[in-house]
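Participant: what would the 3D arrangement of this be:
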Amino acid sequence: MTTPAPTDVTPSNVLQGPAEIFTGNFGATEPANAAAVIDSTQWTFVGATDGGATVTVSQTYSNMVIDQVALPVGTRLTGQSVELATTLAEATLASLKRALNDTTTTGTTFELNSQIANADPTYSAILLKGLAPGGTPRLVIVRRALSTANVAMAFKKDGMTVIPVTFSGFYVSQSISAFKIDDTPGA
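Facilitator: All right, here's what the predicted structure looks like:
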């Protein structure tokens with residue numbers, strides 16, 4: 001028995017290719033649509049990446065189980081997380097500072113502040129611009145983010161020095177979502 005050929009495959013819905021990643025201040029003005037030019041006064045291009053970028057949205061549900069039924073009778077959302085992970089291929093001091101949540105990108109030195117303070121860190125916004133199905137741009141925006149994973153730089157004889165970074169998203173407000181994907185083409 002042979003499997004029939006698919007009749008409803010849309011090749012332009014299959015995606016491949018790199019994305020550009022930008023950082024901005026928390027509350028940065030977002031592009032009007034996915035095809036709009038990224039405003040360089042609001043967003044800073046992070047430079048070349050190695051190995052692509054991965055956006056992970058995790059959801060946790062709590063099942064409601066009763067004695068009389070073997071299957072859960074329902075479930076409720078109990079947690080969410082969003083992360084954007086990439087490897088910064090340009091091992092500049094600005095990239096290192098970005099990975100360590102330091103918002104100053106000027107200067108030729110960096111010193112780690114090890115003081116514990118009961119104050120909010122300086123959150124950033126992260127914007128990824130890649131392709132959407134059909135070949136139009138897709139924007140992925142994490143509106144309130146911090147770099148939360150360990151940061152390491154290997155200096156190797158036979159490989160690039162890179163800076164891996166993982167940005168985690170955080171709650172913004174009841175009226176502003178923390179995370180947005182926009183495939184809206186330009187007018």
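
Participant: just the strands in this structure please.
Facilitator: Shown for the chain, the strands assigned by DSSP state E span residues 20-25, 43-45, 49-64, 74-88, 124-131, 137-147, 163-169, 179-182.

Participant: which elements pack onto the least confident helix or strand in the chain by mean pLDDT?
Facilitator: Between all helices and strands in the chain, the lowest mean by mean pLDDT, DSSP states H and E belongs to helix 93-99, at a mean of 91. The helices and strands touching helix 93-99, judged by 3 or more Cβ pairs under 8 Å, 6 or more residues apart in numbering; DSSP states H and E, are strand 74-88, strand 163-169. (Each C-beta comes from the backbone N, C-alpha and C, glycine too.)

Participant: repeat the analysis, applying 6 Å as the threshold.
Facilitator: strand 163-169 (3 or more Cβ pairs under 6 Å, 6 or more residues apart in numbering; DSSP states H and E).

Participant: sorry, back to before: just the C-alphas of the least confident helix or strand of the chain, formatted as CSV.
Facilitator: Only the C-alpha atoms of helix 93-99 are listed here, as CSV (Å, rounded to 0.1, in the frame of the first residue of the first chain):
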residue,chain,number,x,y,z
LEU,A,93,32.9,44.0,25.3
ALA,A,94,29.5,45.4,24.3
SER,A,95,28.3,41.8,23.7
LEU,A,96,29.7,40.7,27.0
LYS,A,97,28.0,43.6,28.8
ARG,A,98,24.7,42.8,27.1
ALA,A,99,25.0,39.2,28.2
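
Participant: buried residues in it?
Facilitator: Using 16 or more other Cβ atoms under 10 Å as the test for burial, helix 93-99 gives 94-99.

Participant: kindly report the same for stretch 7-15.
Facilitator: By neighbour count with 16+ other Cβ under 10 Å, stretch 7-15 contains no buried residues.

Participant: quick check: end-to-end length of that stretch?
Facilitator: 19 Å (Cα to Cα, to the nearest Å).

Participant: ok, stretch 100-115 next?
Facilitator: 14 Å.

Participant: name the residues that touch it?
Facilitator: 93-94, 97, 121-122, 146-147, 151 (Cβ atoms under 6 Å, 6 or more residues apart in numbering).
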